[in-house]
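S.K.: model this:
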Amino acid sequence: MSTLTLRRPDDWHLHLRDGAPMAAVLPFTAARFGRAIVMPNLRPPITTTPMALAYRDRIRAALPPGSGFEPLMTLYLTDRTAPAEVARARAAGIAGFKLYPAGATTNSESGVTDVRNIRPVLEQMSEHGVILQVHGEVTHGDVDVFDREARFIDEVLLPLCVRHPGLRIVFEHVTTRRAVEFVRGARARVAATITPQHLLLNRNALFVGGIRPHLYCLPVLKTEDDREALIEAATSADPRFFLGTDSAPHARHTKEAACGCAGIFSAHAAIELYAEVFDSVGRLPLLPGFASEFGADFYGLPRNPDFITLVPEPWRVPDSYDFGGEALVPLRAGEMIQWRMVGAASA
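M.R.: Predicted coordinates:
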């Protein structure tokens, strides 16, 4: 296939940060995607509807002129989230509530310590049709970091699905064959997002020639068998799996540190990286479903009316981008990407 034209995709899991850093990275996403689910793990976290709406206003104000990109906001669940917040969020058009197990990833210290503490909130979410976005890892100190997702499925997610049968759940950035099997066997109203890094890389990539801090993310990269399972799921035309980059920018000095931050920045070339994966297994024609259709359908939103075109034209990724006055090292820094987005068109 010489080119691929697809309906403008959406990113169903994105970190934008705030202020000048947000303004620096937002144009990458706005150029490629029609909408994105924006994560609420700022400092302080976005825990109320007014905070989310104010953050949305800041994002919109930072968009390039003429951009039609729409940020879809989420609220950060804590042990103290009030059940009444669900109805307020729903009325304001908030797209969901994010469950971070406390200590699971960047800025998750205020997250939920025990899912039983938020049962009344989850009941309200089920009643109002509000989606729960889940970071699926346990954080017990005695659990191996590579086993945290599987343990979360067994100890938290399976019981949660049974206890709240009407709750719509997105199991975000799944990383293991076990997670793929869980989603495929789960009840209705359960779906999952998959990142480009977990499709492109296995955990060996973290140690090629030494420690690679810019490939460190949470959930961490897994085995080659897990990566193969994710590729098969993403390219299978199964509507339960759709695009979510988990693009998470951090300044270079916070990654190249004694205790570096978790997160990989991929927004600069997100749809192009997914195209590489689909092309590598001969399933490029199936990319539009994964990138542009299944997520919108699950969230109950119309598919975007305009289109983008990808061409097989290699280009070199810069070594870094500006990040509000700091340096930001992107995925594939200094390396080639095999596909390029060349334009957009109306329906």
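S.K.: So for stretch 294-313, mean pLDDT?
M.R.: In this model, stretch 294-313 carries a mean pLDDT of 98.
S.K.: which of the residues in it are buried?
M.R.: 294-296, 298-299, 303-304, 307-308, 310-311 (16 or more other C-beta atoms under 10 Å). All C-beta spots, glycine's among them, are computed from the backbone N, C-alpha and C.
S.K.: Could you pull out the helices in the stretch 51-200 of the chain for me?
M.R.: 84-91, 119-128, 148-152, 158-163, 177-185, 196-200 (DSSP state H, counting those that start in this stretch).
S.K.: buried residues in the helix or strand Pro27 falls within?
M.R.: Element membership for Pro27, per DSSP states H and E: helix 19-32. Across helix 19-32, burial judged by 16+ other C-beta under 10 Å covers 21-32.
S.K.: which of those residues lies closest to Gly68?
M.R.: Ala30 (8.4 Å; C-beta to C-beta).
S.K.: who are the neighbours in contact with that closest one?
M.R.: Going by C-beta atoms under 8 Å, 6 or more residues apart in numbering, Ala30 touches 63-64, 67, 69.
S.K.: do Cys217 as well
M.R.: Contact analysis of Cys217 by C-beta under 8 Å, 6+ apart lists 195, 197, 246, 248, 262-264.
S.K.: Can you tell me which of those are buried?
M.R.: Neighbour counting with 16+ other C-beta under 10 Å marks 195, 197, 246, 248, 262-264 as buried within the contacts of Cys217.
S.K.: Output these as TSV; include the columns secondary structure, distance to Thr48 and pLDDT.
M.R.: Compiled in TSV, these are given as follows (DSSP: H, G, I helix; E, B strand; the rest coil; distance: C-beta to C-beta, whole Å; pLDDT from 0 to 100):
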residue	secondary structure	distance to Thr48	pLDDT
Thr195	coil	28	98
Gln197	helix	32	98
Asp246	coil	24	98
Ala248	coil	23	98
Ala262	coil	26	96
Gly263	coil	25	98
Ile264	strand	29	98
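S.K.: Next, give me the two most distant ones among the residues you listed.
M.R.: Going by C-beta to C-beta, the pair spanning these furthest: Thr195 and Ala262, at 12.5 Å.
S.K.: I'd say Glu172 and Thr245 touch.
M.R.: No: applying C-beta atoms under 8 Å as the test, Glu172 and Thr245 come out as separate, 10.7 Å apart.
S.K.: what's the overlap in contacts for these two?
M.R.: In contact with both Glu172 and Thr245: His13, using C-beta under 8 Å, 6+ apart.
S.K.: neighbour count winner among the two?
M.R.: Thr245 (29 against 23; other C-beta atoms under 10 Å).
S.K.: Excluding chain neighbours, give the residue nearest to the more buried one in space.
M.R.: Leaving aside its sequence neighbours, Thr245 sits nearest to Ala270 (C-beta to C-beta, 6 or more residues apart in numbering; 4.8 Å).
S.K.: Which among the helices of the stretch 51-200 of the chain is found nearest to Ile37?
M.R.: Using C-beta to C-beta, the nearest of these to Ile37 is helix 84-91, at 13.6 Å.
S.K.: In terms of secondary structure, what does that closest one contact?
M.R.: helix 49-62, helix 119-128 (3 or more C-beta pairs under 8 Å, 6 or more residues apart in numbering; DSSP states H and E).
S.K.: thinking again about what came up before, in the contacts of Ala30, find the pair that's most separated.
M.R.: Pro64 and Phe69, at 8.6 Å, using C-beta to C-beta across those.
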